[in-house]
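Chemist: Okay, structure incoming, though there's no sequence with it:
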């Protein structure tokens, strides 16, 4: 289970965008990277494909290492928080319960995702 997931609000703690916050667009677990909305913007130049077409400059958020990101807790709105894990019993129906592993904020001990 990963500490940072898609749609999480994160703060950048290292690099050229140090101190900025944004929403995670994609997570690449194999390469340990994530792309954040509006952060680490790179420009790719595209050459024209057909005759009469003009070239373009496409801006996109490049993936950055997950170690440079810190989660911002949605419940307590602390600036930076560490992530822990906890097993919670969730009722499926009247007589059945299901154990679910959830991420928790280490500062307020509230579940981040349910």
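Modeler: Perfect, thanks for sending it. Keep in mind that what you see is a predicted model, and the values were worked out from it rather than measured.
Chemist: Which strands or helices does the helix or strand residue 90 falls within pack on?
Modeler: If you go by DSSP states H and E, residue 90 is part of strand 83-91. Helices and strands touching strand 83-91, by 3 or more C-beta pairs under 8 Å, 6 or more residues apart in numbering; DSSP states H and E, are strand 97-105. Just so you know, the C-beta spots here come from the backbone N, C-alpha and C atoms, and that holds for glycine as well.
Chemist: Also compute the angle for the strand it packs on relative to strand 83-91, please.
Modeler: 150 degrees (axes from the mean of the first three to the mean of the last three C-alpha atoms, to 10 degrees).
Chemist: how far is strand 97-105 from where the chain is centred?
Modeler: Using C-alpha atoms, centre = their mean, to the nearest Å, the mean C-alpha position of strand 97-105 is found 19 Å from that of the whole chain.
Chemist: now stretch 38-46
Modeler: Per C-alpha atoms, centre = their mean, the centroid offset for stretch 38-46 relative to its chain is 18 Å.
Chemist: burial measure for the closest residue to residue 15 other than its chain neighbours, as a count.
Modeler: Excluding the flanking residues, the one nearest residue 15 by C-beta to C-beta, 6 or more residues apart in numbering is residue 68, at 5.6 Å. A total of 19 residues lie near residue 68 under the criterion other C-beta atoms under 10 Å.
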